[in-house]
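A.B. asks: task: produce atomic coordinates for the following.
(one chain, ligands or ions: 1)
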Amino acid sequence: MSWLSTQGARQALLATTKSSRAAGKARALPSTWSSWQPSSPSAPSTSQHRLVSTASPVVGMATPAFECLDAHEARGRRLMAQHAPPMQQQQQQQEDVSNTASTSSGPEPSYSFVTSGYQLFHHNEPLYLDYGRVLPELQLAYETWGTLNEAKDNAILIHTGLSASSHAKSHGENPARGWWEDFIGPGKALDTNRFFVICTNVLGSCYGSTGPSSPNPYDPERAPYGSRFPILSIFDMVRAQFLLLDHLGIDSLFASIGSSMGGMQSIAAAHLEPERVKRVVSISGCARSGPSSIALRFAQRSVLMSDPNWNRGHYYGPDRLPPHAGMKLARQIATITYRSGPEWEQRFGRRRRRAAPGSGQEPSSSELAPALCPDFEIESYIDHQGESFCLKYDANSLIYISKAMDLFDMSDDALEDLDDRRRKAHGQEVASIKPLAISTDPTSMEEALSPSPPRAGRRKHIRTLSSPSAHFYLPSLSRGLSRLADTPTLIIGAQSDILFPIDQQRELAECLRMAGNSQVRYSELDAPTGHDTFLIDEINVGGQIRGFLA
Ligand SMILES: CC(=O)SCCNC(=O)CCNC(=O)[C@H](O)C(C)(C)COP(=O)(O)OP(=O)(O)OC[C@H]1O[C@@H](n2cnc3c(N)ncnc32)[C@H](O)[C@@H]1OP(=O)(O)O
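C.D. replies: Numbers count the residues shown, from 1 in each chain. Presented below is the predicted three-dimensional model:
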């Protein structure tokens, strides 16, 4: 039986397990539900409000309580109080029900509570950036697993999604589960008996690497960069990672593996240094950010930037609050792009939120009056995702990194434009990196653009693209990928992904093939878990990686 034919059964099992896990978790929702407690003891809880309004229509004249809005205000007060004099702090601590943020110099949380136990690489020389600016110095947080062999050729570099830290897997210095815990370890897909696995916190982030919340060396007081931080490209992020590899003495990477934004980086790494990168795995990534993904990220940045606390990027310091409400809303939008409708149908359906656990109230659905704050279970889920993320990540990092994702385009004209721009800005300091001059084979191009079914003998999982007019850029994209022509590449995508739609994985595979790469493996998963499949489906995603690295 092929892996694809067992896929449905595996996914069904996975979905059932996850849905029962989620149901179990949803029954015990301490942090989320506590954030919905009314701000004043006299205000009714949502469930009370519903019950009262059902029982007595006259009360319908009253203004309802809006606990979801109260939660933003309470969070703001809590953050301010954490920076207040000790007396006030003590008072606030009694009210405080959440411990999501720890503070440093001001209400802006110190993100070190999210991750610790990483190593730091300092680079005290300038990094010349694609969009013309210079970072005079930088540091990268990184973690490693396994042992680097004597030849130093067994290293695998993992590239993360937008907001992940370097903590991909637990270890002695930080026993917390990592974001790819089940993929890394002895005998796992990234087998640490064989490989030396490295994961960095990306340049621009806030988990130890240089980003907008880092001190600005150009500022006499070394105040954080804020929006004075330079625009970054995906290539800049990879250049910083290569500096770390230089420092570790690694000239040859066994593989460059990335998911989501990391999928872009894995491609970018092989483009920048094809001789150094021996294999590429790109999971739920793409070779060119499409307009729909750009739009989804723009919407997130827009709500974030319209939070008055964002203050044009300058919210660090004792008298400021971070844009926590904007962050929460941005994360809500992001979560909608990370999962899928079919998964939520299975997991939440149209179920309404019931009474808070432990309240003793279990009204039937006919007793539940509609509420304007989270009401359906899916709403409370989205609300919870926003709530639990809004102080875990720096808003400016989200803005800068998501912008770098939008700018990513491996088309040859876009790469040449970037190259010219960089050389004009930095002159002799930088070397030119242009796509190789290849002439794309017109027969294979025609075949790729043809709506006809694949010929017998063609790789089973590669499908042809059906709408030539929508894919005018494919020849340019395949030329842009020419430096990867000799790199064995695995591409994995999920059919339910709406952020990096499956068409983008198919076109990446097709364009590599058109660029002359005869070592492309392509795998399409029918998991319902959307973009997050790469975090969840260890069996299929991990299985594909294991096979490719064997
Ligand atoms: C572009 C990029 O950034 S790429 C990466 C993008 N993706 C992410 O960043 C996703 C981050 N998410 C994670 O890491 C998740 O934990 C995953 C994907 C690993 C696992 O997901 P799942 O196990 O399905 O759990 P999921 O996060 O969906 O839901 C569980 C949480 O929702 C809560 N929840 C579930 N149902 C409900 C509900 N109806 N109402 C309120 N809360 C709910 C659970 O209590 C649990 O809360 P907790 O995390 O505080 O314990």
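A.B. asks: okay, CA-based contacts and neighbour counts for the rest of this
C.D. replies: Noted.
A.B. asks: secondary structure class for residue 64?
C.D. replies: Of the three states, residue 64 takes coil under DSSP: H, G, I helix; E, B strand; the rest coil.
A.B. asks: what's the burial count for it?
C.D. replies: By the other Cα atoms under 10 Å criterion, the neighbourhood of residue 64 contains 18 residues.
A.B. asks: and it, how far from the ligand?
C.D. replies: Between residue 64 and the ligand the computed distance is 21 Å (Cα to the nearest ligand atom, to the nearest Å).
A.B. asks: pLDDT value on that residue, please?
C.D. replies: Note on residue 64: pLDDT of 83.
A.B. asks: the one 5 residues further on too?
C.D. replies: The model reports residue 69 with a pLDDT of 90.
A.B. asks: now residue 371
C.D. replies: 88.
A.B. asks: what helix or strand is it on?
C.D. replies: Using DSSP states H and E, residue 371 maps to neither a helix nor a strand.
A.B. asks: could you find the closest non-adjacent residue to residue 438?
C.D. replies: Excluding the flanking residues, the one nearest residue 438 by Cα to Cα, 6 or more residues apart in numbering is residue 479, at 6.4 Å.
A.B. asks: can I assume residue 303 is in contact with residue 328?
C.D. replies: No. With contact defined as Cα atoms under 8 Å, residue 303 does not count as touching residue 328 (9.4 Å).
A.B. asks: okay, and the helix or strand of the chain with the least pLDDT?
C.D. replies: For the chain, counting by mean pLDDT, DSSP states H and E, helix 30-35 ranks last in confidence among helices and strands (a mean of 27).
A.B. asks: run through who's touching stretch 378-387.
C.D. replies: With contacts defined as Cα atoms under 8 Å, 6 or more residues apart in numbering, stretch 378-387 is touched by 32, 327-332, 335-336, 344, 348-351, 353, 374.
A.B. asks: can I get it in PDB? Just the C-alpha atoms.
C.D. replies: Only the C-alpha atoms of stretch 378-387 are listed here, as PDB (Å, rounded to 0.1, in the frame of the first residue of the first chain):
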ATOM      1  CA  ILE A 378     -14.800  28.600  17.100                       C
ATOM      2  CA  GLU A 379     -14.900  32.200  18.200                       C
ATOM      3  CA  SER A 380     -13.700  31.400  21.700                       C
ATOM      4  CA  TYR A 381     -10.900  29.300  20.100                       C
ATOM      5  CA  ILE A 382      -9.800  32.200  17.900                       C
ATOM      6  CA  ASP A 383     -10.100  34.500  20.900                       C
ATOM      7  CA  HIS A 384      -8.000  32.200  23.000                       C
ATOM      8  CA  GLN A 385      -5.200  31.900  20.300                       C
ATOM      9  CA  GLY A 386      -5.100  35.700  20.200                       C
ATOM     10  CA  GLU A 387      -5.100  36.100  23.900                       C
END
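A.B. asks: poorly predicted segments of this structure, please.
C.D. replies: By pLDDT under 70, the weakly predicted segments of the chain are 1-60, 83-110, 112-113, 354-367, 439-470.
A.B. asks: all strands for it, in order.
C.D. replies: With DSSP state E as the criterion, the chain has strands at 119-123, 127-128, 134-135, 138-145, 155-159, 184-185, 190-191, 196-200, 253-259, 280-283, 489-494, 520-525.
A.B. asks: same for the second one, what does it pack against?
C.D. replies: Using 3 or more Cα pairs under 8 Å, 6 or more residues apart in numbering; DSSP states H and E, the elements in contact with strand 127-128 are strand 134-135.
A.B. asks: now do the strand it packs on: distance to the chain's middle.
C.D. replies: How far strand 134-135 lies from its chain's middle: 24 Å, per Cα atoms, centre = their mean, to the nearest Å.
A.B. asks: now do the helices in the stretch 101-250 of the chain.
C.D. replies: Ranges of helices in the stretch 101-250 of the chain, per DSSP state H, counting those that start in this stretch, are 234-248.
A.B. asks: what residues does it have near the ligand?
C.D. replies: By Cα under 6 Å from any ligand atom, the residues of the stretch 101-250 of the chain that approach the ligand are 161-163.
A.B. asks: and of those residues, the nearest to residue 198?
C.D. replies: Residue 198 has its nearest neighbour among those in residue 161, at 14.8 Å by Cα to Cα.
A.B. asks: what sits against that closest one?
C.D. replies: With Cα under 8 Å, 6+ apart, residue 161 has these contacts: 258-262.
A.B. asks: tell me, which of the residues you listed make contact with the ligand?
C.D. replies: Contacts with the ligand within these, as defined by Cα under 6 Å from any ligand atom: residue 260.
A.B. asks: so what's residue 416 up against?
C.D. replies: The neighbours of residue 416, taking Cα under 8 Å, 6+ apart as the test, are 434-435.
A.B. asks: all helices of the stretch 251-400 of the chain, in order?
C.D. replies: Secondary structure of the stretch 251-400 of the chain (DSSP H, counting those that start in this stretch): helices located at 261-272, 291-305, 324-338, 341-347, 377-389, 395-407.
A.B. asks: winner for burial among those?
C.D. replies: Most buried of these by mean neighbour count (mean count of other Cα atoms under 10 Å) is helix 261-272; its value is a mean of 27.
A.B. asks: for that helix, packing partners?
C.D. replies: Counting contacts by 3+ Cα pairs under 8 Å, 6+ apart, helix 261-272 packs against strand 155-159, helix 234-248, strand 253-259, strand 280-283.
A.B. asks: which of the residues in stretch 202-217 are buried?
C.D. replies: Residues of stretch 202-217 classed as buried: 202-214, 216 (neighbour count, 16 or more other Cα atoms under 10 Å).
A.B. asks: please apply the same query to stretch 116-134.
C.D. replies: Neighbour-count burial for stretch 116-134, counted by 16+ other Cα under 10 Å, picks out 116-118, 120-123, 127-134.
A.B. asks: most widely separated two among the residues you listed?
C.D. replies: Greatest spatial distance among those (Cα to Cα): 117 and 132, at 33.7 Å.
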